[in-house]
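Participant: The sequence and its predicted three-dimensional model are supplied below.
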Amino acid sequence: MKIQEMKVTLVLVAAVIAAGGVTFAQGQSPPSSQGQAASPAGVVKARQQGLKTLGAAFKTIRDELRGDSPDAAKIRIAAADVTHAASAIGKWFPAGTGPDSGVKTDAKPEVWTDPAGFAAAQDNFVREANKWAQLGNSTDASAWKEGAASLGQSCKGCHDKYRVKKAE
Amino acid sequence: MSVVWEGRPRVDLSSRPVVRVWDGFTRLTHWLLVVLMGVSWWTARHHHMDYHRYSGYALLGVLIFRLYWGVFGSTTARFAHFVKGPRPIWRYLRSKARHVTPGHNPLGALSVLALLGLLLSQVTLGLFSVDVDGIESGPLSHWVSFETGRECSRLHQLGFDVLKAFIAVHIAAVVFYWVFKRDNLIRPMITGSRAWTHAHLPHIEFAPRWHALVGIALAVVLVWYVA
């Protein structure tokens, strides 16, 4: 390769790396600081964090209920996370935090175009979560299993209709 | 012990000499992998996670059997027989003469290793994967945290893209041999036999059936234990 061709190649490679770096940095930096928590990006971030905690809690519950001797302490901690999510979920989907806001979210526009249906699905989850909170204080493994199954169904109640489907 | 076939020549309808290169288990393994990959893809795409898990268990079993067969199987299925170093691969690539290998050629061996390795890592990642809701999960996901399970799931998805790329290369290579080298590799993988025009018949030992039964039992026990 000639020296000049090499230079051109090097410049091109450097440009691609730089462009990639800028894109990466933009993706990494949180678009809002804590002071502007009400910005769509801040709301979406808090919402995703809350749902992740809920997912992790549900995994703990399922893992414990797999075996013959579920750990009551772990289940109680997970149950507390579920209760917390149930009390907060009403504030997670304010208007203007859908896909139209430009923030990357898997929430479908239907969350806001079908508020009655979404509220009903949410209420169902809150009801199941409260039931689960009661169960969390018991030590009846079969009741736990039944409760976990209907709690999982109530999660799906929102996800099937109001969240973008993904293979992951 | 093993039955020795001195590359038993056969005469087919066109009266060209034919030699048996693949045993039935190697061929069955190959096509089972093809079918199960399709099933795994389809069930994941359409969110039939129960069937996706079953398909994964089946894949795991077939892969365990293939690894076993790579050590205790027939000559052409054994890794020690067909996996070669960089030098023989280079020699194979440079040989202008019509070079026909009974079984995997030195370059194709890399493709076999890559595809088996990728499939194994896919199945392993699937065992530990957790979905975003903590509802659907692989059978060993209780060994890892939610975050690790999610990471496995992401890699499981990424791994499928890599696998697709390698499958494309594999198919392109088979088409290349067919079109440019006039060597149909698909037929032998179905019938087990290929045309052989060389004077020297290849020396291929075919493993007895009970070897395969041991491998199948091993696969079933391991999958049972995991699932």
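Facilitator: Arrived safely, thanks for sending.
Participant: Who are the contact partners of residue A:100?
Facilitator: Counting by Cβ atoms under 8 Å, 6 or more residues apart in numbering or on different chains, residue A:100 touches residue A:109. Using the backbone N, CA and C atoms, a C-beta is placed for each residue, glycine as well.
Participant: Could you report the separation of it from chain B?
Facilitator: Taking Cβ to the nearest Cβ, to the nearest Å as the measure, residue A:100 falls 22 Å from chain B.
Participant: tell me the secondary structure for that residue?
Facilitator: helix (DSSP: H, G, I helix; E, B strand; the rest coil).
Participant: What segments of chain B are strands?
Facilitator: B:3-5, B:9-11, B:17-20, B:193-195, B:204-206 (DSSP state E).
Participant: Run the chain-centre distance for the last one.
Facilitator: Averaging C-alpha coordinates over strand B:204-206 and over its chain gives two centres that are 19 Å apart (Cα atoms, centre = their mean, to the nearest Å).
Participant: Same question for the third one.
Facilitator: The gap between where strand B:17-20 is centred and where its chain is centred comes out at 23 Å by Cα atoms, centre = their mean.
Participant: May I have it exported as PDB, CA atoms only?
Facilitator: Below are the C-alpha coordinates for strand B:17-20, written out as PDB (Å, rounded to 0.1, in the frame of the first residue of the first chain):
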ATOM      1  CA  PRO B  17     -17.800 -46.600  -7.300                       C
ATOM      2  CA  VAL B  18     -19.300 -45.400  -4.100                       C
ATOM      3  CA  VAL B  19     -17.700 -45.500  -0.700                       C
ATOM      4  CA  ARG B  20     -19.500 -45.200   2.700                       C
END
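Participant: Please work out how many residues are found near residue B:214.
Facilitator: Residue B:214 has 13 neighbours, counted by other Cβ atoms under 10 Å in any protein chain shown.
Participant: before we move on, what about residue B:48?
Facilitator: Number of residues near residue B:48 (other Cβ under 10 Å) recorded here: 14.
Participant: Packing partners of the helix or strand hosting residue A:51?
Facilitator: Secondary structure from DSSP states H and E places residue A:51 in helix A:40-66. Other helices and strands packing on helix A:40-66, by 3 or more Cβ pairs under 8 Å, 6 or more residues apart in numbering or on different chains; DSSP states H and E, are helix A:72-88, helix A:141-162, helix B:146-179.
Participant: switch to 10 Å and redo it
Facilitator: Counting contacts by 3 or more Cβ pairs under 10 Å, 6 or more residues apart in numbering or on different chains; DSSP states H and E, helix A:40-66 is packed against helix A:72-88, helix A:115-136, helix A:141-162, helix B:146-179.
Participant: In a markdown table, list these along with distance to residue A:61, mean neighbour count and mean pLDDT.
Facilitator: As requested, these are exported to a markdown table (distance: least, Cβ to Cβ, whole Å; neighbours: other Cβ atoms under 10 Å in any protein chain shown; pLDDT from 0 to 100):
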| stretch | distance to residue A:61 | mean neighbour count | mean pLDDT |
| --- | --- | --- | --- |
| helix A:72-88 | 5 | 17 | 88 |
| helix A:115-136 | 8 | 17 | 87 |
| helix A:141-162 | 5 | 17 | 86 |
| helix B:146-179 | 11 | 15 | 95 |
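Participant: out of those, nearest to residue A:38?
Facilitator: For those, the distance to residue A:38 is smallest for helix A:72-88, at 15.0 Å, taking Cβ to Cβ.
Participant: circling back: distance from the helix holding residue A:51 to the middle of the chain?
Facilitator: Its chain's C-alpha centre and that of helix A:40-66 lie 6 Å apart, by Cα atoms, centre = their mean.
Participant: One more: stretch A:122-140?
Facilitator: Averaging C-alpha positions (Cα atoms, centre = their mean) puts stretch A:122-140 20 Å from its chain's average.
Participant: Fine, thanks again, bye for now.
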